[in-house]
Each structure stands twice: as structure tokens, then as C-alpha cells.
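Engineer: fold the following.
(2 chains)
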Amino acid sequence: MPLTSRERVLTALAHEEPDRVPIVIGVSNATGIKMAPYRELKRIIGVDAPETYMYDWPELGTAAVDEATMRRLHVDVRGVLDLEPAAVLERNRTREPHSDYINSWGSGAVEIAPDDWFPMVEPLADATTLDAIERYPWPDMDDPTRVAHMGAEAARLADDGEYAIMATPWLLFPLERAFAMQGMSRFLMNAALEPEFAEALLRKIASLCERLMGHVLDVLGDDVDIIKIGDDLGTQQRLLMSPTMYRSMLKPVHAEFIASIRRRTKARIFFHTDGDVFQLIDDLVEIGVDILNPIQTSAGKMADLAALKRRYGDALTVCGAIDTQRILPHGTPDEVRAEVRRVIGELAPGGGYLLSSVHTIMNDVPAANILAMVDAVEAYGTYPLAAR
Amino acid sequence: MTERSEADILDALYRHILGGEAEPSVADVQEGLGRGVRPTVLLFESMIPALDEVGRRFESGEYFLPEMLIAARAMRASMEVLRPHMSATDAPSLGTVVMGTVAGDIHDIGKDMVDIMLEGAGFTIVDLGVNVAAARFVDAIREHHPAVVGMSAFLTTTMPQIGRTIAAIRAADLRDEVRIIIGGAPINDAFAMEVGADGYAPDASSAVRVTKALLA
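Structural biologist: Take a look at the predicted model:
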């Protein structure tokens, strides 16, 4: 009997070989598809489904991928997403067209060109004191409309039993939130000049993340296999901050966040972190990360998939690694297939690999390349893998 | 308190910029000027060597973004105090560089670092900011007659704007008047060749080398 998708994922996570390499696309923003390629994809495969946005958040631009398309893409995981409080969603739905989108944190996005939104509303831009953190009107994480819908969705998926379930609550990356509140360069300067403030801000944010995650775990109960969290720690060529700064300021925050999740659930910890983070992988393993994403192969040492597999293949499952900076947007379908074959050859032996694009499939990716990617998994990702 | 010697001031200014301490850096410049130290001595013997060392430490992996950002801020604050005391002949500009992040993109950290490093190296910077339309680059070339135009794009979806901006510069018959250098996360040498740029720099300190080489 063929494996269910969930069995396929759980086998790979157990570092054993399932029947084929599992696929994770369209499940969270980090593995998502932007609206333009989604629209084209539906047209090519003849699916008629409404164009709705992930998290009911049009400014994010990421499609809530319909079930028929998910099946055509052979996706083995289904996401269960939280929502911003109903009042915040309603306020944004009814706001003046083209005016800034402000989320429950008070941070938000500005429309710099039609339908092109960038996070530029930074409510704590000038803050450098503990008092400013104290006085800020932080979001209410106890608002029941954030998570009320998640329990039934997860229960339905669990009853069905076909797919692995990934909980992907949004806006819960502590460093990303600090950047959103202050602006990236301002927060990084504070991290260097005002470490006590920077650390306090991270801890305040993390306490809110933990609070909301607690509610998410409450409503999900046992109906969840994977919990997605993260923070972007790398740039194109190196780490964003020194290992010393990471270890003193942010690692304890991540460690406590993960520990608070692990105390509550057996679900695996999926950690999203862009860029070249090779130097910090030992740290992430140490604090309890099970699945590392997105393996940005275009960034520095992350290109060395053989070293990644050799050093971390036993400790970590990796998810991602199909390049979105060159191959998916600019490659031909043949190049996409060749890359899928190459990456599977490096990462999939023995299990421990979930195939996905490196971060969101952006508006410059032809839908034909998305199909080439997933269909190549059938061709090259069926176990036992062909000898390389 | 005993007065600091000129050498002590120069040494302190170097260390304060390297360590990203803006207020002490400014105080060093002010004390130096008050003591009659020539502006060019402060600039060439402390500030620029400090910035060179920042670049070296960034490339070698001792410095990361936070350290580089605060050093750049200290340099900028010191330059603001120093500049009114410099005459055009003190430190002739190596040329004007028009900088900007291309249309549809608002990422500016990398561009801002390039600004600081190029300014420290002696170039005059005209920064057009972020989300800069091709026509604004063209207008700025007409207005400022730069030797070099620097463009940044952080996203694969905004990279094509670099090509479009270069095409607009060409269409305005200005391509032969400027050298074009590009950068940003997804950019590489091959892309620079493809869109007809003159150079590519992966980070701010190499941007100085590439720019100088283009004008040599």
C-alpha cells in the first residue's frame, strides 16, 4: 500500500527513506506562492478557485493555495494558520484604499507602487530606553479570534489523516519583529550600542510570541506534526550578526521559545532562517531545532550541500534548497529538473529532506517551472534513489 | 587634566570611529580642530584609515552589520563636523557618484554602507534614496554630471529594473558619460555583464575598489 503523505513526511523526519521525497509548497509564507505565479499555475492546470490571500492579508501578496492545486503539486503537508484579530482585519479591510496597512503590533506596510507593499511603518523607530518598551501598547495575544478557527481545521486534517499538519502562526519571529518595530539598521545599531535595550526588546517580543504560541498549541492539541518558527540570521555572504552577539543576545530567546513549545507538544520544530547561517547550525541543533529551512543555496557556505548533509544529516531534517534567486525565476524547466535531481542526490539519501523552494515563490517565477520542480520529484525523488 | 597631544587625538579618533562611538568621535574632531590640527590630517590620518580598517574587518569576518553600521554612523557624524572646515583644495573629490535603490525596491542598508565607504574614500555622493525611477537617475545624471552611477536591488523581482534604468540612461544618450556599478543580494558579475553595467561589488568595501578601478 502506498504511504499517506503524512507517513511519507514522518518517515523522512525519522531519517528513514519513505517512498518518495516529501514536498512542502504553499504551506506557509516561507514556502508560499505569490499571487501572480499562483494565478498562472491555476490557468495551466485548469483549476478554478478563488484568489484569496494567506492570513487574509492581501498586502502580503502570498496566495492561500486551493486544495486542488495543492494536490496537483503533490504537496504532502497542510498548513494551519492563525489570523490577526478580527477587529484588526476588519479595520484594514475598511481603511482608505492605498493607505498604510497596520497590523496588531502597530507595525505595517506602505504601498510604494500599485499592489506592492513593503514593511516601512516602524512604531518604535526612535526607542532606545526600557521605559519606551514599557509604555508601548503591545498587541493583545489573548484575543480569541486569532486562533479560534485553527482547532477545527487541524481536527479535520487529523481525522482525514492524509497530510502532515504544520502550524504556521505569523509574526512570531522575535528578531524579525524587532526589525519591524524599529527598522533593521536601527535595531542592529541598538544591538551594538544599547545591548541592554535591544535584549529587553527581544525578550518583550518573545514573551508575546510565547503567549500566542501557547494559545495556538491549546487549540491544536495533538493535531499537529510540525511547528514553524524562525528568524533570518544570514545575509547573502555571511551572518547578519556575529556569532558572539547571536549567542549572547538572541540564542537564549530562541532557546526559551523552543523550550516553551517542546514542553507542550511532541511536534517537530521547523526553523526558518534565510541566508548563510552555516556557522550557527550547531547552535540551532543544540537549542532543539528539528527541521532547518530554507537552505539558501545561493548564500555563501549554504551552497555546500554535501557538507551540510555530512555534518548535520543525522541531527537535522532540511527543508528547501531549490534556488529562487536564479534557477526558479530565470532557469528553463530543464534546468529546474536538473537542479531538483542534483539537490535530491545531495540531501535525500537516507531521508531527512523535504523538498521546497528557497523561501516564497516570487512573482518572477514562471508557473511552468513550479510544475517542473514538483514533477521532477516524482522522476528523481522516488526511493530507492537512482545511483548518482 | 593634561591636554592630549595631537597624536593622542588622532589615535582616539581612529579608535572611536572603528568602535562606532559617534559622540566621542565628534568630540575628537572638535578638539583637534580647536587645537589647530589641519582638517586633512584628521581626515587622512585618522578617519579614512579607520574606515579602511572597518572594511577590512568586515571582509575578514571580524565585523558584521551592527559593527559596520555604527562605525559608518560615527564616520558620518565626524564628517559633518569636519566638512565646513575643509576647502575644495584640501581634499579634492575623486568624483561624484549618484546612488539609488531602483524602482520597486526600498532596501537601503547596503546602499547606505556603500555611500559611507565611497565618501570616506573621497568621492562626492548624491544619494537619490530608495524606489528611484529610471527617469530620476537620468535627471540626476544631467544635473550632477557624476563619474559613476551606483544602483542597488535586493530582490530578484526588482533586479530587472537595473536593466531598464541602464536602458533609459542609454536612450537619453548619457551612457558614455558615466560608469555604472551595481550591487545587492541577488546580483553577481554575470548579471552585471548581461545588463551592461561596468562593474559589480558584493559589499561596501569592495565597492570602493571597484569604483576606483573603473575610474583608473
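
Engineer: please count neighbours and contacts with C-alpha atoms only from this point.
Structural biologist: OK.

Engineer: please identify the helix or strand for the closest residue to A:Gly214 other than its chain neighbours.
Structural biologist: Among residues not flanking A:Gly214 along the chain, A:Ile261 sits closest, at 7.7 Å (C-alpha to C-alpha, 6 or more residues apart in numbering or on different chains). Assigned by DSSP states H and E, A:Ile261 falls within helix A:251-262.

Engineer: and if you look at B:Ala74?
Structural biologist: Here B:Ala74 is assigned to helix B:65-82, by DSSP H and E.

Engineer: please apply the same query to B:Gly110.
Structural biologist: helix B:109-121.

Engineer: buried residues, stretch B:54-64. List them.
Structural biologist: Neighbour counts over stretch B:54-64 (16 or more other C-alpha atoms under 10 Å in any protein chain shown) mark B:Val54, B:Gly55, B:Arg57, B:Phe58, B:Glu59, B:Tyr63, B:Phe64 as buried.

Engineer: between the residues you listed, which is closest to A:Glu286?
Structural biologist: Using C-alpha to C-alpha, B:Phe64 is the member of these that lies nearest A:Glu286, at 23.1 Å.

Engineer: looking at that closest one now. What's its pLDDT?
Structural biologist: pLDDT, B:Phe64: 95.

Engineer: how about the residues of chain B by chain A?
Structural biologist: Applying C-alpha under 8 Å from any C-alpha of the partner chain, we find that chain B lies next to chain A at B:61-67, B:69-70, B:104, B:106, B:109, B:131, B:156-157, B:185-186.

Engineer: cutoff 6 Å now
Structural biologist: B:Phe64, B:Pro66, B:Ile70, B:Thr156, B:Thr157, B:Ala185 (C-alpha under 6 Å from any C-alpha of the partner chain).

Engineer: could you redo the residues you listed as CSV and give each row distance to A:Asp56?
Structural biologist: Formatted as CSV, these follow (distance: C-alpha to C-alpha, whole Å):
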residue, distance to A:Asp56
B:Phe64, 37
B:Pro66, 35
B:Ile70, 38
B:Thr156, 25
B:Thr157, 23
B:Ala185, 29
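
Engineer: pull the most distant pair out of those residues.
Structural biologist: Distance extremes for those: the farthest pair is B:Ile70 and B:Thr157 at 30.0 Å, using C-alpha to C-alpha.

Engineer: SS state for the spatially closest residue to B:Asp28 that is not a sequence neighbour?
Structural biologist: The shortest distance from B:Asp28 to any non-neighbouring residue, by C-alpha to C-alpha, 6+ apart, is to B:Leu13 (5.6 Å). With DSSP: H, G, I helix; E, B strand; the rest coil as the basis, B:Leu13 sits in helix.

Engineer: make sure B:Leu13 is actually in contact with B:Ser25.
Structural biologist: Yes: with contact defined as C-alpha atoms under 6 Å, B:Leu13 reaches B:Ser25; the gap is 5.3 Å.

Engineer: low-confidence bits of the stretch 251-388 of chain A, can you list those?
Structural biologist: Counting by pLDDT under 70, the stretch 251-388 of chain A contains low-confidence ranges at A:387-388.

Engineer: what are the ranges of the helices in it?
Structural biologist: A:251-262, A:281-286, A:305-312, A:327-330, A:333-347, A:367-380 (DSSP state H, counting those that start in this stretch).
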